[in-house]
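>>> my questions concern the predicted model and sequence given below.
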Amino acid sequence: MTASSTRNDSYKNSSGGIVRSSVLGSTGLVCLCLSILLCGLPALARSQQPAIVPPADSGVSAAQETKGSTGEQSPDPHSPASITGTVVDESGAAVAGARVTLTREDRSPNQEVLSGADGEFTFAGVAPGSFRLTITSPGFATQSVSGTLHPGESFAVPQISLAVAPAATAIQVVLPRVELAEAEIKEEEQQRMLGFIPNFYVTYVHDAVPLTPKQKFELAWKTTIDPVSLGLIGVTAGVQQAADNFSRYGQGAQGFGKRYGAAFADSATSTFIGGAILPSLFKQDPRYFYKGTGSKRSRILYALANAVICKGDNGHWQPNYSGILGGMASGSISTLYYPPEDRGAGLVFENLGFGIAESAVTNLFQEFFIRKVTPNRSKFDPGKSGKGTP
């Protein structure tokens, strides 16, 4: 029994050993498979685990993640841009040398370029914002284009077609000074107080052209031989004869003739010496320049002052040497034909004083009255254009 048990144990041991060996081999294989599974499952689990999305308050937006992942960045709002374009005519041919001016609404300095031989132009380094292009070229009408430039943008202006400018011919006729002065004289020779009394030695043109010596003599001659002037001299002689002035001349036709001759000589010598000869020598204008504006006081002072001052041919005011010396010369000459008892230095200075006073009174009438009763005034009369005093 014991032996049998021993054998059985041995067998068992023997078998058990074999069995254990087999079991251990199977167990090791199972353990190895389990190990592989246990090691592989976490990796597989991690590979199948969903991506972790950062919370909304993490400060990183999805758009920023996308931009960050793609490498894109938003443009700089101050990034300079450019403008290009082409200028052509109505037929489509390029217009070279057209001036293109770039104007900005921010009042920055304007920029200008000229179109090239192919009609193209370019503005580089332009700040973003609204702009306006003005295109000009000789013979063409001005063209304008507006637009808005974005940061970093290369703005291509649609093709600019210039239309031919409408034909316009401006003719400016500028008369030489001599011809202009002659035209003014012709106007002045139509000026007659009450429609018939000569009013030639006044101009209503504030900037009248200076007269040439020839024109000064022409004006003096036409004033002297005017029928109305000759008639007024006759009236003066008649009044003198009626008052028996210069009694040595006598009465009757002979006395009237002498008085008429003396009065005509006074008028002629005064007009020619004071209105033509001396004004030509001293380069002075013998005419009265009507003022017509300002206060009444200023116009009175102006009229009185013009008895002793005058406007020079250079346009400046100066002492009226022509009028003053002309009066003295005329008075001196009068001693040759007036009766002996009416001659002398007293007559000369009397005539001079009388001439200055007469000029002052005449100027006052010119300034405030004569213009109103002179229908054929110069067309340059400031009163007609609304600039003068009526």
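Structure's in. What do you need?
>>> next, count neighbours for the nearest residue to Gly344 once chain neighbours are set aside.
The shortest distance from Gly344 to any non-neighbouring residue, by Cβ to Cβ, 6 or more residues apart in numbering, is to Thr335 (7.1 Å). All C-beta spots, glycine's among them, are computed from the backbone N, C-alpha and C. Using other Cβ atoms under 10 Å, Thr335 has 15 other residues around it.
>>> let's see the pLDDT reported for Thr335.
On pLDDT, Thr335 comes in at 81.
>>> part of a strand, is Gln190?
No - looking at Gln190 with DSSP: H, G, I helix; E, B strand; the rest coil, it is coil, so not inside a strand.
>>> so which residues of the stretch 151-300 of the chain form helices?
Using DSSP state H, counting those that start in this stretch, the helices assigned to the stretch 151-300 of the chain run over residues 177-188, 213-224, 227-242, 252-272, 278-282, 296-305.
>>> could you tell me the least trusted of the ones you listed?
Looking at the helices of the stretch 151-300 of the chain, the bottom one is helix 177-188 with a mean of 86.
>>> direction-wise, compare that helix with helix 213-224 and give the angle.
With axes from the mean of the first three to the mean of the last three Cα atoms, to 10 degrees applied, the angle from helix 177-188 to helix 213-224 works out at 10 degrees.
>>> specify the local secondary structure of Arg107.
coil.
>>> and it, how many neighbours does it have?
So Arg107, with other Cβ under 10 Å, has 7 neighbours.
>>> was I right to think the residue nearest to Gly344 contacts Phe349?
No - assessed by Cβ atoms under 8 Å, Thr335 is found out of contact with Phe349, at 12.0 Å.
>>> for Glu112, pull up the helix or strand it's in.
strand 111-114 (DSSP states H and E).
>>> apologies, that question was intended for Ala124.
strand 120-126.
>>> any idea which helix or strand comes after that strand?
Beyond strand 120-126 on the C-terminal side, the first helix or strand identified by DSSP H and E is strand 129-136.
>>> in PDB, could you pull the C-alpha coordinates for that next one?
The C-alpha trace of strand 129-136 is given here as PDB (Å, rounded to 0.1, in the frame of the first residue of the first chain):
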ATOM      1  CA  GLY A 129      -8.100 105.900 -47.700                       C
ATOM      2  CA  SER A 130     -10.300 107.800 -50.100                       C
ATOM      3  CA  PHE A 131      -8.600 109.500 -53.100                       C
ATOM      4  CA  ARG A 132      -9.300 111.400 -56.200                       C
ATOM      5  CA  LEU A 133      -7.400 111.500 -59.500                       C
ATOM      6  CA  THR A 134      -7.700 114.500 -61.900                       C
ATOM      7  CA  ILE A 135      -6.300 114.000 -65.400                       C
ATOM      8  CA  THR A 136      -5.500 116.900 -67.700                       C
END
